[in-house]
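> Sequence and predicted structure, then a few things I'm wondering about:
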Amino acid sequence: MDINSIIAKKRIVGPKGELDKDEIKYFVGKWMKGEIKDSQAAALISYIYTNGLTEDEIIRFVVEVGNSGDVLDLSEISDNIVDKHSTGGVGDKVTLILLPVIAALGLPVAKISSRGLGISGGTIDKLASIPGFNPNISIQEFKENVEKIGISIVSQELNLAPAENKLYKLRNEIGCRDSIVLIAISLMSLKVATGSNKVVFDLSCGKGTYLDDRDSARRLGKLLVRIGKALGKEVGYIITLMDEPVGRCVGNILEIQETIKALNGNMSKDVEDTVVTLASIVLNLAYGEKDFATNAARVISVIKSGQAMAKFKAMVIAERTVMLNI
């Protein structure tokens, strides 16, 4: 087995071009060791972009990419470990508002995030704009914060799914950033690495992100649900329109300031609707609570009471920051 034969196989359309578990494991392992060049990886990814993958291939890639670094087992902390991910967009600070809300509702949150490579900053870029914030705490500290505080958001540089970081960068560099299957592999491999089992996705589409339309977002969402089911994870998603910025502010530190205002109860309507809907889905996944009005009332309650803001503050303090006046 060698990378050239794997590339040649993926040129073939149809069943004869399907990569088996060993071939995918070989590719990911050798690429991570530097024994496969980025140019060769780019060739394979380009054929995947053109010819697609079967769902079995996608799941094999998710497992191998997710297991390319450290893999966390958080089952001793809780039966429900929550994560949320967004396909991103201009001004998107929903993650920073939603996850403290989820933690305040009593559900542990464990999230790894990478820096943004496109037109907008990622969650880590926003947090890193807080003076002294350290997104690279140790894995042990990460686990302890999830257990003691109920929330931790850290950088992917902790050796969690490092192959996903390489894949994410390369697909952006070679014009494959809008591939549904490659996006799905990236998103779900991160969830394999963190050990989360209740996952919600905010799939944004439109001019401010890389999913063009609702149909693409819907196909991705349905695929993520099926992958999650195959891996024993419960997955929910919403689709949001990103033809204009989310909320009131754009820019990392400005979005942190808006996050603080939102957690203190001053939230724009579009952000509030998204946060409430996603939180309601999480409560349904974790507890089977399907009544949206009841779930929405619980979300608003933990914001008005200051519990969500307290979780945000505790997370920031725990990650070695010089506190702002919040």
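In hand now; what should we look at?
> my guess is residue 152 is in a strand, correct?
Yes. Judged by DSSP: H, G, I helix; E, B strand; the rest coil, residue 152 forms part of a strand.
> can you pull the pLDDT of it?
Note for residue 152: predicted pLDDT of 94.
> How about the contacts made by it?
Applying CB atoms under 8 Å, 6 or more residues apart in numbering to residue 152 gives the contacts 109-111, 137, 141-142, 145-146, 315, 318-319. (Each C-beta comes from the backbone N, C-alpha and C, glycine too.)
> Most neighbours among those, which one?
Neighbour counts for the contacts of residue 152 (other CB atoms under 10 Å) peak at residue 109, which has 30 neighbours.
> and it, what is it in contact with?
Shown in contact with residue 109 (CB under 8 Å, 6+ apart): 81-84, 99, 102-103, 146, 150-153.
> what are the phi and psi values for the nearest residue to residue 277 once chain neighbours are set aside?
Of all residues not flanking residue 277 in the chain, residue 238 sits nearest, at 5.6 Å (CB to CB, 6 or more residues apart in numbering). When read as degrees, to the nearest 10, the backbone of residue 238 gives phi -130, psi 160.
> For residue 238, grab the count of nearby residues.
Around residue 238 there are 17 residues (other CB under 10 Å).
> Next: residue 266.
10.
> next one: the one 3 residues further on
The burial metric for residue 269, expressed as a neighbour count using other CB under 10 Å, is 8.
> Distance of it relative to residue 248?
The gap separating residue 269 from residue 248 is 10 Å, by CB to CB, to the nearest Å.
> what's the answer for residue 145, then?
29 Å.
> Check residue 56 too.
In terms of CB to CB, residue 56 sits 44 Å off from residue 248.
> do the same with residue 132
25 Å.
> quick one, strands of the stretch 201-326 of the chain?
234-241 (DSSP state E, counting those that start in this stretch).
> quick one: low-confidence ranges for it?
Within the stretch 201-326 of the chain, the segments meeting pLDDT under 70 span 208, 320-326.
> give me that answer again for 50
Scanning the stretch 201-326 of the chain with the threshold set as pLDDT under 50 gives 322-324.
> which residue ranges form the helices in it?
Assigned by DSSP state H, counting those that start in this stretch, the stretch 201-326 of the chain shows helices spanning 214-230, 252-263, 269-287, 292-304, 307-318.
> any idea of the angle the last one forms with helix 292-304?
What that stands for is helix 307-318. With axes from the mean of the first three to the mean of the last three CA atoms, to 10 degrees applied, the angle from helix 307-318 to helix 292-304 works out at 50 degrees.
> repeat for the longest one
Using the same axes, to 10 degrees, one finds that helix 269-287 and helix 292-304 are set 110 degrees apart in direction.
> Okay, angle between helix 269-287 and helix 252-263 too, please.
Going by the same axes, to 10 degrees, helix 269-287 makes 70 degrees with helix 252-263.
> Could you chop the protein up by domain?
Per automatic domain parsing, the structural domains of the chain span 3-52, 82-157+171-318.
> between these, which gets nearest to residue 61?
Ranking the domains of the chain by proximity to residue 61 (CB to CB) places domain 82-157+171-318 first, at 4.7 Å.
> and the end-to-end length of the closest one?
Using CA to CA, to the nearest Å, one end of domain 82-157+171-318 lies 19 Å from the other.
> How far away from the center of its chain is that domain?
7 Å (CA atoms, centre = their mean, to the nearest Å).
> quick one on the thing from earlier: so which of the helices of the stretch 201-326 of the chain comes closest to residue 125?
Nearest to residue 125, of all these, is helix 252-263, at 5.3 Å by CB to CB.
> which helices and strands does that closest one pack with?
helix 94-104, helix 123-128, helix 269-287, helix 307-318 (3 or more CB pairs under 8 Å, 6 or more residues apart in numbering; DSSP states H and E).
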